[in-house]
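S.K.: Kindly generate the corresponding structure for this input.
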Amino acid sequence: MIPLIAAGIAAAGTIAGSAIQSHYANEAAEAELNAKKEAAQQMLQNGALTQTEYNHLISGIESYYNRRGSLGSAQDVNAYKQAIASYNPEDYAADVGDFSYDKTKEDFINPYYSRIIGDTANSLQHSAAGAGLGRGTGAALNIAKGVSEKSDELYRTAMQDYTQDRQFAYQQYQDRIANNQARLNALNSATQYKLGLQGNLASDYYNTMDARQSDIMKAQQDRLNSKAAYDTALAGLY
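M.R.: Numbering: from 1, shown residues only. This is a model prediction of the structure:
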């Protein structure tokens, strides 16, 4: 009888021990689960932005660039494109045209040519008569020679005057071209300067737009990276 009682007591002790071990095991498992939940909660709070926080961040970026603005605008970009399209270098090259000169050397022959030739002939005739040559062959040849030399002199003078006048007219023609080209060069420089300013405005607008978009994309990428890291770490808790 006694051995049976002892066996029963021993069995009861074994059952009680198992129950106690099971109780503590459950408590440990529950504590571990609670610890994981707490860690997950901390990661959620400190890890990826919530949708509200993210929206607030994007709104802050948009607000900053709206306040900051830019010197340029979309209208400046269009104006710059149109200015480039309409710019034509040939508009700033002087039209030289054709040199026009309608005078001839005859226009510079002494208007008293005939009188001068007549006076020369008469003077030589009187000289020949005074020398007793009369109207002989020698006198005639001398008169013809003298008249020819005077005629050549008058024509050389006329040619010199003609050449000088033509050169003067050509110089005036060149001066007009040079002055017109200088004016066009100044206009071209002003146009180039204006194009440069328009280009600066267009570039400023694009740079500001690019910076704005870059900041937004960075915020998006940071959120995705943080969310991915959070999901990876959270998966490791279970």
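
S.K.: What is the three-state secondary structure of residue 95?
M.R.: Assigned state for residue 95: coil (three-state reduction, DSSP: H, G, I helix; E, B strand; the rest coil).

S.K.: Run a quick neighbour tally on it.
M.R.: 9 (other Cβ atoms under 10 Å). Just so you know, the C-beta spots here come from the backbone N, C-alpha and C atoms, and that holds for glycine as well.

S.K.: likewise residue 76?
M.R.: Residue 76, neighbours per other Cβ under 10 Å, totals 20.

S.K.: lowest-pLDDT helix or strand in this structure?
M.R.: helix 2-46 (a mean of 58; mean pLDDT, DSSP states H and E).

S.K.: doesn't residue 216 make contact with residue 58?
M.R.: Yes - contact criterion Cβ atoms under 8 Å: residue 58 and residue 216 qualify, at 6.3 Å.

S.K.: got the contact list for residue 116?
M.R.: 110, 150, 154 (Cβ atoms under 8 Å, 6 or more residues apart in numbering).

S.K.: Compile those into CSV and extend it with columns for distance to residue 87.
M.R.: Putting the contacts of residue 116 into CSV (distance: Cβ to Cβ, whole Å) gives the following:
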residue, distance to residue 87
110, 56
150, 64
154, 57
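
S.K.: Kindly indicate which of these lies nearest residue 86.
M.R.: residue 110 (57.5 Å; Cβ to Cβ).

S.K.: Tell me, what's the model's pLDDT at that closest one?
M.R.: Residue 110 is assigned 78 on the pLDDT scale.

S.K.: count of residues packed around it?
M.R.: 15.

S.K.: please begin residue numbering at 330 from this point
M.R.: Sure, I'll start numbering at 330, so the last one becomes residue 439.

S.K.: can you tell me the helix or strand for the closest residue to it other than its chain neighbours?
M.R.: Closest residue to residue 439 apart from its sequence neighbours, by Cβ to Cβ, 6 or more residues apart in numbering: residue 483 at 5.5 Å. Here residue 483 sits within helix 466-564, counting by DSSP states H and E.

S.K.: Mean confidence (pLDDT) on that helix, please.
M.R.: 86.

S.K.: Same check on stretch 415-422?
M.R.: 93.

S.K.: what residues does it touch?
M.R.: Applying Cβ under 8 Å, 6+ apart, the set of residues contacting stretch 415-422 is 510, 513-514, 516-517, 520, 524.

S.K.: Which positions in it come out as buried?
M.R.: Residues residue 421 are the ones in stretch 415-422 that count as buried (16 or more other Cβ atoms under 10 Å).

S.K.: what do you get for stretch 389-403?
M.R.: Quick answer for stretch 389-403 (16+ other Cβ under 10 Å): 394, 399, 401.
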